[in-house]
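J.: Can you look at this prediction? I've put the sequence above it.
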Amino acid sequence: MGCPCLDLDVPRLAKTLRREALPPVPRLPEALSYRRGARDLLLRWPELREVIPEAYERVTEAFGSSAQIVLDRYDDPEAEEENPILYLVVRTELEADGARQAMNRFDEDWWLANETGAEGHLYVSVEFL
């Protein structure tokens, strides 16, 4: 006979506990935002904590201080195995040509020489506001 006093929404409770149990991610800029499980990937791939702070700084230099920077997890819905990717998404109000020039500056000035530190787990993309 079950206890009628325990009417728990176990999936919701587990999700809440998991979210609250995540420790702060050291060395990352406070202004950085997170979407869909990005924090989980930072815990899974700690080497990214070395690359992201400087990538954040370099993206801000290239796109300007008004750019919003978000870490976002992407899972390919057609993949047979779990193989998540972490994106550093630059949210910008720049027009397409300005954003392309800014991305080219970021690539040439820093990313192309430093992307190996991301070990294939981090990509940079642009999202227009």
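T.: Perfect, I can see it now.

J.: Pick out the residue nearest the middle of this protein.
T.: Centroid check for the chain by Cα atoms, centre = their mean gives Leu71 as the closest residue, at 1.8 Å.

J.: which residues are contacting the helix or strand hosting it?
T.: Element membership of Leu71 [criterion: DSSP states H and E] is strand 68-74. Residues outside strand 68-74 that contact it (Cβ atoms under 8 Å, 6 or more residues apart in numbering) are 29, 31-42, 52, 56, 59-60, 84-92, 127, 129. Any C-beta I mention is one placed from the backbone N, CA and C, and that applies to glycine too.

J.: Just the buried ones out of these, please.
T.: Neighbour counting with 16 or more other Cβ atoms under 10 Å marks 32, 34, 37-39, 41-42, 52, 56, 59-60, 84, 86-92 as buried within the contacts of strand 68-74.

J.: Give me the subset of the residues you listed lying in helices.
T.: Ala38, Arg39, Leu41, Leu42, Ile52, Tyr56, Val59, Thr60 (DSSP state H).

J.: quick one: which two of these are the most distant?
T.: Greatest spacing in these, by Cβ to Cβ: Leu41 and Thr60 (21.5 Å).

J.: need the strands for the protein, in chain order.
T.: Secondary structure of the chain by DSSP state E: the strands cover 33-34, 68-74, 85-92, 122-128.

J.: Which elements pack onto the last one?
T.: Packing contacts for strand 122-128, counted by 3 or more Cβ pairs under 8 Å, 6 or more residues apart in numbering; DSSP states H and E, involve helix 48-63, strand 85-92, helix 96-106.
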